[in-house]
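1. Take a look and give me a structure for this.
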Amino acid sequence: MRTGSEPVTARSALRARFWLSLWGVLWAVFGTAVFSLVGRPGWAAACGVLWLVATVDLAVIVRHMRQGPHYQPGPGVPPYSPPEGGPRGAGPPWSRRP
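-> Sure, this is the predicted structure:
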């Protein structure tokens, strides 16, 4: 729900998530290769699963980056009005309605 107090210049952290996910993919690939060479199939499988999860996350992040900015209401759109009677449970306990 739009309240009117959102920052005008807010930006998503997709680029930071992209680089962190890429870093995770690189370490998972490295771990899978090293544990496979050392003869630790359990750890290699765990790194392989982590590699798969990080790659899927990276694909989702890239998809969101390619979609571009989504619709955000501009300054000319007024915020939603609060519900009638205010939020339930607001105010001192003796003034609340059952």
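2. Which strands or helices does the host helix or strand of residue 55 pack on?
-> Residue 55 belongs to helix 41-67 when assigned by DSSP states H and E. Packing partners of helix 41-67 (3 or more Cβ pairs under 8 Å, 6 or more residues apart in numbering; DSSP states H and E): helix 14-38. Where C-beta positions appear, they are placed from N, C-alpha and C, glycine not excepted.
3. Please list the outside residues in contact with the helix it packs on.
-> Contact partners of helix 14-38, identified using Cβ atoms under 8 Å, 6 or more residues apart in numbering, comprise 41, 43-44, 47-48, 50-51, 54-55, 57-58, 61-62, 64-65.
4. change it to 7 Å
-> 43-44, 47-48, 50-51, 54-55, 57-58, 61, 64-65 (Cβ atoms under 7 Å, 6 or more residues apart in numbering).
5. repeat for stretch 52-68
-> 14, 17-18, 21-22, 24-25, 28.
6. Let's see it as PDB, backbone CA atoms only.
-> Output of stretch 52-68 as PDB, limited to C-alpha atoms (Å, rounded to 0.1, in the frame of the first residue of the first chain):
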ATOM      1  CA  LEU A  52      22.600 -24.900  -8.800                       C
ATOM      2  CA  VAL A  53      20.900 -22.600  -6.300                       C
ATOM      3  CA  ALA A  54      23.300 -19.700  -6.900                       C
ATOM      4  CA  THR A  55      22.900 -20.100 -10.700                       C
ATOM      5  CA  VAL A  56      19.100 -20.000 -10.500                       C
ATOM      6  CA  ASP A  57      19.300 -16.900  -8.200                       C
ATOM      7  CA  LEU A  58      21.700 -15.300 -10.700                       C
ATOM      8  CA  ALA A  59      19.300 -16.000 -13.500                       C
ATOM      9  CA  VAL A  60      16.400 -14.400 -11.600                       C
ATOM     10  CA  ILE A  61      18.500 -11.400 -10.800                       C
ATOM     11  CA  VAL A  62      19.500 -10.900 -14.400                       C
ATOM     12  CA  ARG A  63      15.800 -11.300 -15.500                       C
ATOM     13  CA  HIS A  64      14.800  -8.600 -13.100                       C
ATOM     14  CA  MET A  65      17.600  -6.300 -14.200                       C
ATOM     15  CA  ARG A  66      16.500  -6.800 -17.900                       C
ATOM     16  CA  GLN A  67      12.900  -6.000 -17.100                       C
ATOM     17  CA  GLY A  68      13.800  -2.500 -16.100                       C
END
